[in-house]
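> Next input, structure requested:
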Amino acid sequence: EAKVTEAVNKGLLLDYLGLEMFMHESQVSLDDTPMEELVGKNVQVKISEFDARKNKIKVSRKSILIDAERKARKDEFASFKVGDIVNGTVKELRPFGAIIQFEFNSGILPLGEISHYRVEDASDLTVGEKLELKVIEVGIKKGRNRLSLSRKALLPTPYELFAQNNKTGSTVKGKVINKLPFGVILELDKDVTGLLHNNEISWNPNDNFKSSVTFGDEVEVHILNVDLKNSRISLSKKFLEDNPWAKVTVRYGEVVEGVVSEVVIGKGFMVTVQGVEAFLDAKDITDEKIG
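Numbers count the residues shown, from 1 in each chain. From the prediction side, this is the model:
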């Protein structure tokens, strides 16, 4: 440890137990800190050259700082664990994402980990912006430390955002984006879809809803269930319609009147009784032999 006594051309003069030492300006610090700020202060230095005959001693402070920084970088990197929540600063925007700077290390925030929504670039981030991130990978690749981070892991998913304002039991509107054998897929919000199952389309099993709607049509539906874990939403259209079965008062064994609504050739008749469809099998029409 020596005391800086004077700033001279191209460096500093130091005193150590009465011995004069010289430190070149390139060996003073790791940054652009003015040399004059060290005058009068005690600093740690490493002897880089010693010539007893010429009474020349050259020292370096920079080499000590480099060693200290290298150790600090190693210790900081060792402290990162997968699952940790950390705070970093956006250092640089790249085509593959962003470089995040910590005190001594930097990490990668890939495009796919910026948001739950698809992004083409990292333009919604700003250099110098501070972010809260989750560590998703820590390792060494091709001899270099690798630290991968995620911002979206700490953000609510599109389904979670949707569910904040649309609970089970709510009535919402969605656009038809796909028709499948088992139902219709509706787009409820950006990157949020729900299934309108065939069983939930109508109380009338002969309803031709699927064939009558086209892609882009808007449909009002009731939310039956929101499964955030699996990003699934179950919908119902018939829930918003009058349930004809709720008005049925007939009981088993009771004699009732009905209106034939359809002839099912070779099988029997469809009969409307109190607003619901019933099937009258041909073998139950009469005991007499017909024809």
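
> Strands of the stretch 51-200 of the chain, residue ranges please.
For the stretch 51-200 of the chain, the strands defined by DSSP state E, counting those that start in this stretch occupy 56-60, 85-94, 97-101, 106-110, 130-141, 144-150, 171-180, 183-189, 192-197.

> ok, the residue nearest to residue 243 when sequence neighbours are not counted - how many residues close by?
Spatial nearest neighbour of residue 243, excluding adjacent residues (Cβ to Cβ, 6 or more residues apart in numbering): residue 203 at 5.9 Å. Every C-beta, even on glycine, is put in place using the N, C-alpha and C of the backbone. Residues lying near residue 203 (other Cβ atoms under 10 Å) number 17.

> repeat for residue 47
Residue 47: 12 surrounding residues under other Cβ under 10 Å.

> Model confidence score at it, please.
On pLDDT, residue 47 comes in at 95.

> Partner strands of the helix or strand harbouring it and their direction?
Here residue 47, judged by DSSP states H and E, is contained in strand 46-51. Within its sheet, and counting by DSSP bridges, strand 46-51 is paired with strand 56-60 (antiparallel).

> List the buried residues in the partner strand.
57, 58, 59, 60 (16 or more other Cβ atoms under 10 Å).

> Same question for stretch 129-142.
Buried, per 16+ other Cβ under 10 Å, within stretch 129-142: 131, 133, 134, 135, 136, 138.

> List the contacts of the residue lying closest to the last one once chain neighbours are set aside.
The reference is to residue 138. In space, and not counting its chain neighbours, residue 138 is closest to residue 80: 5.0 Å by Cβ to Cβ, 6+ apart. Residues in contact with residue 80 (Cβ atoms under 8 Å, 6 or more residues apart in numbering) are 86, 105, 135, 138, 147.

> from these, which is closest to residue 177?
Nearest to residue 177 among the contacts of residue 80 is residue 135, at 36.0 Å by Cβ to Cβ.

> my guess is the closest one contacts residue 82, does it?
Yes. Look at residue 135 against residue 82 with Cβ atoms under 8 Å: they come within range, at 5.6 Å.

> circling back: let me know the helix or strand that the residue nearest to residue 243 is in.
Residue 203 belongs to no helix or strand, assigned by DSSP H and E.

> Check the residue nearest to residue 138 and give its pLDDT.
The model reports residue 80 with a pLDDT of 96.

> try residue 39
95.

> And the buried residues of strand 56-60, which two are furthest apart?
Between all members of the buried residues of strand 56-60, the farthest pair (by Cβ to Cβ) comes out as 57 and 60, at 11.2 Å.

> From residue 202, how far out is residue 238?
5 Å (Cβ to Cβ, to the nearest Å).

> now swap in residue 82 and tell me
49 Å.

> Which one of those two is surrounded by more residues?
Looking at residue 82 and residue 202 with other Cβ under 10 Å, you find the greater number of neighbours at residue 202, namely 15 against 11.

> how much space is there between that one and residue 244?
Per Cβ to Cβ, residue 202 is found 10 Å from residue 244.

> Over to residue 30?
81 Å.

> quick one: which of those two has more around it?
Comparing residue 30 with residue 244 by other Cβ under 10 Å, the one with more neighbours is residue 244, at 14 against 11.

> Can you add mean pLDDT and distance to residue 274 and give the strands of the stretch 51-200 of the chain back as a markdown table?
A markdown table is the format used below for the strands of the stretch 51-200 of the chain (pLDDT from 0 to 100; distance: least, Cβ to Cβ, whole Å):
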| stretch | mean pLDDT | distance to residue 274 |
| --- | --- | --- |
| strand 56-60 | 95 | 99 |
| strand 85-94 | 96 | 61 |
| strand 97-101 | 97 | 64 |
| strand 106-110 | 96 | 62 |
| strand 130-141 | 94 | 59 |
| strand 144-150 | 94 | 58 |
| strand 171-180 | 96 | 28 |
| strand 183-189 | 96 | 29 |
| strand 192-197 | 97 | 26 |
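
> nearest to residue 49, of the ones you listed?
With Cβ to Cβ, the closest approach to residue 49 among the strands of the stretch 51-200 of the chain belongs to strand 56-60: 3.9 Å.

> Dump the closest one to CSV, keeping only the CA atoms.
What follows is strand 56-60, C-alpha atoms only, in CSV (Å, rounded to 0.1, in the frame of the first residue of the first chain):
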residue,chain,number,x,y,z
LYS,A,56,13.3,2.6,-10.6
ILE,A,57,10.2,1.0,-9.3
LYS,A,58,7.1,0.7,-11.5
VAL,A,59,3.8,-0.4,-10.1
SER,A,60,0.3,-1.2,-11.3
